[in-house]
Structure formats: C-alpha cells, structure tokens
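Visitor: next come a sequence and a model predicted from it.
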Amino acid sequence: MGMNTEQRRKAVKKNHATMFGHSVLLDSVRSGWARTWCEQQFGKRYEAVDNEQGRWACFWAGRDHPSHYRFHFADDQDRMWFVLRWS
C-alpha cells in the first residue's frame with residue numbers, strides 16, 4: 001500500500017532534515033539574492049528531483065511561514081556564513 005500525500009510530505013521533510021541538519025528561515029524578498037549568493041559560495045544546490053548531491057538546499061517554508069523560504073545546509077560552517085551575510 002502506498003503513502004498518501006500527507007505521509008509523503010512528512011517523509012520528504014524528515015529526509016531533508018536528516019541530510020541538512022542546519023537551517024535558516026529567510027523572507028521571500030531576499031531569498032532570490034540569497035540563492036544566487038549560495039550558488040556562488042557553495043556551488044549547485046541540492047534538488048529533490050536531481051541525483052547530484054549539493055551542500056545546501058532552499059525550499060518554501062510552507063503554510064506556517066508562507067512569505068519565507070528555508071535554507072538548509074549540510075555543514076554548520078556554511079550555515080554560519082549564510083547567517084553572517086543575510087541576517
């Protein structure tokens with residue numbers, strides 16, 4: 001028996017939390033510039049539909065924070081650089 005939509009959403013969220021244990025919430029106004037900065041600093045981002053593994057990812061923060069994006073980092077040092085630049 002397959003998973004329903006809510007179960008799939010929770011499984012994806014858990015997978016991202018495991019892969020990228022360090023995250024930062026950022027408003028949507030600055031998120032585009034921040035994504036460009038992350039690509040320049042850390043390389044290509046992780047994408048759920050791509051087999052390549054990036055050091056960082058960016059996803060919409062969801063219904064709880066609809067005007068924000070959550071940036072996830074595999075390394076706490078990368079997260080700290082992001083915080084110093086964008087907070």
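Guide: Looks like it came in fine.
Visitor: surely Asp75 meets Gly21?
Guide: No - Asp75 is beyond contact range of Gly21, at 9.2 Å (criterion: Cβ atoms under 8 Å). Every residue, glycine included, has its C-beta placed from N, CA and C.
Visitor: and Leu25, what does it touch?
Guide: 61, 65, 68-71 (Cβ atoms under 8 Å, 6 or more residues apart in numbering).
Visitor: hmm, try it at 7 Å
Guide: By Cβ atoms under 7 Å, 6 or more residues apart in numbering, the contact set of Leu25 is 61, 65, 68, 70.
Visitor: confirm that the last one sits in a strand.
Guide: The one in question is Arg70. Yes - counting by DSSP: H, G, I helix; E, B strand; the rest coil, Arg70 is found in a strand.
Visitor: contacts only, for it.
Guide: Listed by Cβ under 7 Å, 6+ apart, the contact set of Arg70 reads 23, 25, 59, 61.
Visitor: name the nearest residue to the last one, ignoring sequence neighbours.
Guide: Pointing back at Ala61 there. Using Cβ to Cβ, 6 or more residues apart in numbering and skipping residues adjacent in sequence, the residue nearest Ala61 is His68, 4.1 Å away.
Visitor: what are the bridge partners for the spatially most central residue of the chain, then?
Guide: The centroid of the chain falls nearest to Cys58 when counting by Cα atoms, centre = their mean (3.0 Å). Per DSSP bridges, the residues bridged to Cys58 are Phe71.
Visitor: residues touching it, list them.
Guide: Contacts for Cys58 were tallied using Cβ under 7 Å, 6+ apart; they are 31, 35, 45, 69, 71.
Visitor: lowest-confidence entry in these?
Guide: Lowest pLDDT within the contacts of Cys58 is found at Arg45 (90).
Visitor: thinking that residue is in contact with Gly54, fair?
Guide: Yes - using Cβ atoms under 7 Å, Arg45 is in contact with Gly54, at 4.5 Å.
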